[in-house]
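>>> Following is a predicted model, sequence given first.
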Protein chains: 2
Amino acid sequence: MATTKARHTELVGSLVGLMHVLQDLYAETSRPLGLTPQQAHLLCVLLGGPQGMTDLSRIMSIERSSLTSMVDRLERRSLLARNPHPTDRRACQITLTTDGHTLADQAHTAFTDRVEALTVSLSPTARKTLVSAITNITEPGQ
Amino acid sequence: MATTKARHTELVGSLVGLMHVLQDLYAETSRPLGLTPQQAHLLCVLLGGPQGMTDLSRIMSIERSSLTSMVDRLERRSLLARNPHPTDRRACQITLTTDGHTLADQAHTAFTDRVEALTVSLSPTARKTLVSAITNITEPGQ
DNA sequence: TATTGTTATACTCTATAACTATA
DNA sequence: TATAGTTATAGAGTATAACAATA
């Protein structure tokens, strides 16, 4: 049915538009800090605690070999470090340095502030509804 | 206030999660078609009609020089063409070839189907609310 | 044998600066 | 002069395949 299809398309179009707005915002807030969006993403993931390479690659949906070069570059800038895993000598734990943590915090705050500014006109109820609808989408099995 | 901050953070977190889910979906649906996500994006923009390089670079938020190389690669694959602008001899109009249009359609459909599948559990009312809330975010001045 | 992470390689994406041609 | 698009260059992101070390 045409109306149903149109409604679906409208929602998908909205979601895609939102994705691009957020991507652009991510890039805009990362650049002034001397980070690419991907680097900002990696540092922000590490705000949640140290991670191994394999886990990181899964979280970020990139190959381990791609991650190796990203980590190389950030390690050279002393923003993170490869620490030995306590029991598994093959593995390493990627941890933020003090500088890296500071920068990650700045990136996270800058981005969050910008997104919050965009959502300032939403009522508390609208926020709750929005979070609920989005969760429905991103976590299909609830 | 702690609660307000937490609520904001929750919404921002949801939005970021949604962005990553959609990005991954974009990558997953593009790859089998032999396209990078950026190439798929470019082709899908052109589904809306021919565009000049400067307009395209604004729409996609990338530098014109970055676009030049992307267009080069897709032109080499005969997915799009540089046509002369009718009145301005400096400018060109990037248009999809028949093959490019077919591929762009496939990419668009594949992505749309996957996103629709994710939103299948939302009621018509929830959809309308969601579109409205998102529009509020992406078009601040309405 | 399976897993962790790296290396080697090849492309693609991206920005900056300088350039050509046209308006 | 200003604008449309390109070229040259350099760095970053990415995947595939093959590899070393350890589990």
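In hand now; what should we look at?
>>> What pLDDT is listed against residue A:122?
You'll see residue A:122 listed with a pLDDT of 90.
>>> Can you report phi and psi for the residue nearest the centre of chain A?
Central residue of chain A (Cα atoms, centre = their mean): residue A:41, 4.4 Å from the mean position. Dihedral pair for residue A:41: phi -60, psi -50, per degrees, to the nearest 10.
>>> what about it, distance to residue A:20?
16 Å (Cβ to Cβ, to the nearest Å). No exception for glycine: its C-beta is placed from N, CA and C like everyone else's.
>>> again with residue A:101
Separation of residue A:101 from residue A:20 (Cβ to Cβ) stands at 29 Å.
>>> same question, residue A:80
Separation of residue A:80 from residue A:20 (Cβ to Cβ): 29 Å.
>>> Check residue A:13 too.
Look at residue A:13 and residue A:20: by Cβ to Cβ, they are 11 Å apart.
>>> Of these two, give the one with the bigger neighbour count.
Higher neighbour count among residue A:13 and residue A:20: residue A:20, with 17 against 14, using other Cβ atoms under 10 Å in any protein chain shown.
>>> for the more buried one, what are its contacts?
By Cβ atoms under 8 Å, 6 or more residues apart in numbering or on different chains, the residues touching residue A:20 are residue B:61.
>>> Spell out whether the helix ranked longest in chain A and DNA strand D are in contact.
Longest helix in chain A by number of residues (criterion: DSSP state H): helix A:2-30. No - on the criterion Cβ under 7 Å from any atom of the strand, helix A:2-30 is out of touch with DNA strand D, staying 9.2 Å away.
>>> One more: stretch A:42-56?
No - residues of stretch A:42-56 are not located near DNA strand D by Cβ under 7 Å from any atom of the strand, the shortest gap being 7.8 Å.
>>> So which bits of that stretch are buried?
Neighbour-count burial for stretch A:42-56, counted by 16 or more other Cβ atoms under 10 Å in any protein chain shown, picks out A:42, A:43, A:44, A:45, A:46, A:50, A:51, A:52, A:53, A:56.
>>> Enumerate every residue touching the third one.
It refers to residue A:44. Residues near residue A:44 by Cβ under 8 Å, 6+ apart: A:104, A:107, A:108.
>>> just the first one next, same as before
With Cβ under 8 Å, 6+ apart as the criterion, the residues that contact residue A:42 are A:56, A:60, A:67, A:70, A:71, A:74.
>>> ok, now the fifth one?
If a contact means Cβ under 8 Å, 6+ apart, then residue A:46 has A:80, A:94, A:95, A:96, A:100, A:104 as its contacts.
>>> If anything else comes up later, I'll come back, but that's it for now.
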